[in-house]
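1. sequence first, then the predicted structure:
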Amino acid sequence: MKNYLGVGISVGVLAGLWTQVSVQLGLVTWVAFIAWACFFAAGGGATGFRKGLAANLSGVVWGWLASLVAARVGFPGALAIIVTVLAFVLCVQAAAPLLSFIPGAFAGTAVFFGTSFAFWPTVLALVVGACLGWASGILGERIQKAVDRSPGTSPSEPAEPAEPAGPVTPAAA
C-alpha cells in the first residue's frame, strides 16, 4: 500500500484542483481524466506522455474525419462501414511507434464523440490531462521518496521479507 501513497496523494490533489478550475472555466472536466488514465496505462513518464497523448490526439483527428464522412453519406449501413474503417485505422496506425498505444487512440475517438464532436475543447482537455498525468507522476515520486525517508524508516533498515510463494508449513520440531 505504501508504494502508492505518493501517487495517490498527488493524483488526488491535482484531480480536485483540475475539477475546480475546469468547472469554473467551462472546460470538459471528464476528458482530461481519460487522458490522465492513458498516461499511466501507456507506462507513465516520458513514454506514457508521448504515446498516450499522441494516440489520444490521433483518435480525435480520425474521429473528426469519420464524422465529416458520416455527415455527407446517408445510405443504410453507412455509419457501420465508417466505424469499421475507423476501428481498422486506429489499430494499424500502431505500426508507428509513437501511435502504438491502441487503447489511447480508441479513447481519443470516444471522447471526441462523447463531447458531441467538440474538436478544440476535446483536444485542450486531452492535453491538460496528459500534463496532469506527467505532473502527478513526478509529484508522486517526490512524495513517495519523502514518505520513505520519514521517521521510523531508514535506508539502512532491512527490507520487509517477501510473501511466501506457496503454503507455509510449520517447521519440524
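-> Yes, it's here.

2. all contacts plus neighbour counts: C-alpha atoms, from now on.
-> Fine.

3. longest helix of this structure?
-> Determined from DSSP state H, the single longest helix within the chain is helix 119-148.

4. packing partners of that helix?
-> When contacts are defined as 3 or more C-alpha pairs under 8 Å, 6 or more residues apart in numbering; DSSP states H and E, helix 119-148 packs onto helix 5-25, helix 29-41, helix 45-72, helix 102-114.

5. kindly calculate the angle that the second one makes with helix 102-114.
-> Taking axes from the mean of the first three to the mean of the last three C-alpha atoms, to 10 degrees, helix 29-41 and helix 102-114 form an angle of 180 degrees between their directions.

6. show me how far helix 29-41 is from its chain's centre.
-> Relative to its parent chain, helix 29-41 has a centroid offset of 4 Å by C-alpha atoms, centre = their mean, to the nearest Å.

7. now do stretch 81-96
-> Centre-to-centre, stretch 81-96 and its host chain are 20 Å apart (C-alpha atoms, centre = their mean).

8. in it, what counts as buried?
-> Within stretch 81-96, the residues scored as buried using 16 or more other C-alpha atoms under 10 Å are Ile82, Leu86, Ala87, Leu90, Cys91, Gln93.

9. the fifth one contacts Ile102, doesn't it?
-> Okay, so that is Cys91. Yes. Counting by C-alpha atoms under 8 Å, Cys91 does reach Ile102; the two are 6.0 Å apart.

10. no further queries at this time; thank you.
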